[in-house]
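Participant: Provided below are the primary sequence and the corresponding predicted coordinates.
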Amino acid sequence: MNKPFRMAVPVLSALTLGSLSMSALADDETRFTGNIGLYSQYIFRGMSQTAYKPALQGGMDVTHGSGLYIGLWGSNVNWLQNYQGYRTGSLELDLYGGWRGRVGEEVGYDVGYIRYNYPGSRPAGVVAADTDEVYVGVSWKWLSATLNYSLGETFGFATPAGSTYLDLGVVVPLVDSGVTMSLHWGKQRLRGNASGNGYEDWKLALSYDLGRLGSGWHNTTVGLQYTATDANRALWTDRNGVDLSRSQKTAWVSRSF
């Protein structure tokens, strides 16, 4: 359980440096937001990144009134060593930026770039997990669609540019209960020799706004989700025999500020 807390030191240091570098932009149109959460495991695109063990996650965004934004987000992981073959490495640290806005009252858009960083050492011949993607997303009312396009090697697979992930989602508030239901379908497509590792994934999530219980719980959310994939289990089982792709439940508590 000490890995998440070791992760927090570089994440918070990087967030501080990011805040200082953006200070010149601070004005009435600039908003700083952050979040921190404790999860029973970390699921990304249907795959467990922590082999069903807990994850501590946090991040910060800086958004300008023009719609431009930049952000930093981090979590502990363990697949770098157990699946990818790294000697050391237990951190994911993502840097992203883009431009988002609205067309009218109901249509939104989001265009940007994200760099997934996985610090650590690896033997010769092990492909780096670091990944660069560009993305474009659109939303209408409760519906959203986002396409991520990889610029080269993708999460440890030696792929050429062009691997994609399509994310379709629905987020529906359940009347005035404080409960929000989220539905998701995704399709990971990998190019080159990794094409057989492609898969689809699904998610059903329910979250509750604890702020309804009193001001002390303001901006705090608890949630539960169920995820599943149709991935080839043999291709997604780590060296400890853990199938990272199987159906699973995740609980969390998070707070924004």
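Facilitator: Arrived safely. Numbers count the residues shown, from 1 in each chain.
Participant: ok, and the closest non-adjacent residue to residue 29?
Facilitator: Sequence neighbours aside, residue 65 is the residue nearest to residue 29 in space, at 3.0 Å (criterion: Cβ to Cβ, 6 or more residues apart in numbering). (C-beta placed from N, C-alpha, C; glycine too.)
Participant: In a helix, that neighbour, correct?
Facilitator: No - counting by DSSP: H, G, I helix; E, B strand; the rest coil, residue 65 is not part of a helix but coil.
Participant: Going forward, the N-terminal residue is numbered 378.
Facilitator: Sure, I'll start counting at 378 from here, so that last one is residue 442.
Participant: Tell me, how many residues neighbour it?
Facilitator: 10 (other Cβ atoms under 10 Å).
Participant: Equivalent analysis for the one 10 residues further on, please.
Facilitator: Counted with other Cβ under 10 Å, the neighbours of residue 452 add up to 23.
Participant: Hmm, it is touching residue 419, no?
Facilitator: Yes - the criterion here is Cβ atoms under 8 Å, and residue 452 meets it with residue 419 at 5.3 Å.
Participant: where do the contact lists of the two overlap?
Facilitator: Taking Cβ atoms under 8 Å, 6 or more residues apart in numbering as the criterion, residue 452 and residue 419 both touch 426, 432, 434.
Participant: picking up where we left off before, next, work out how far apart the residue nearest to residue 406 and residue 545 are.
Facilitator: Distance of residue 442 to residue 545, computed by Cβ to Cβ, to the nearest Å: 30 Å.
Participant: next one: residue 601
Facilitator: Counting by Cβ to Cβ, the gap from residue 601 to residue 545 is 21 Å.
Participant: all strands for the protein, in order.
Facilitator: 408-416, 420-421, 424-425, 432-440, 445-453, 468-480, 484-494, 508-517, 520-527, 541-550, 556-566, 576-586, 597-606, 625-633 (DSSP state E).
Participant: who's in contact with the second one?
Facilitator: Think strand 420-421. Defining contact as Cβ under 8 Å, 6+ apart, one finds that strand 420-421 is touched by 426, 580, 602, 604, 625, 627.
Participant: Check which strands are paired with that strand and give the direction for each one.
Facilitator: strand 424-425 (antiparallel) (DSSP bridges).
Participant: Need the residues that contact the partner strand.
Facilitator: For strand 424-425, the external contacting residues (Cβ under 8 Å, 6+ apart) are 418-419, 456, 578, 606, 608, 613, 619, 621-622, 625.
Participant: distance of residue 509 from residue 460?
Facilitator: 20 Å.
Participant: er, residue 627 I mean
Facilitator: Note on residue 627: its distance to residue 460, by Cβ to Cβ, is 19 Å.
Participant: Which one's more surrounded, the two?
Facilitator: residue 460 (22 against 19).
Participant: Which residues are in contact with the more buried one?
Facilitator: Here residue 460 is in contact with 533, 615-616, 621 (criterion: Cβ under 8 Å, 6+ apart).
Participant: From start to finish, how long is stretch 440-458 in a straight line?
Facilitator: Stretch 440-458 has an end-to-end distance of 35 Å (Cα to Cα, to the nearest Å).
Participant: Show me the shaky parts of the chain.
Facilitator: Across the chain, the ranges flagged by pLDDT under 70 are 378-405.
Participant: what do you get if the cut-off is 90, keeping everything else the same?
Facilitator: Counting by pLDDT under 90, the chain contains low-confidence residues at 378-406, 482, 552-553, 592-593.
Participant: in the sheet, who's paired with the spatially most central residue of it?
Facilitator: Residue closest to the mean C-alpha point of the chain, counted by Cα atoms, centre = their mean, is residue 421 at 6.0 Å. Residues in a beta bridge with residue 421, per DSSP bridges, are residue 424.
Participant: distance of it from residue 541?
Facilitator: Distance of residue 421 to residue 541, given as Cβ to Cβ: 15 Å.
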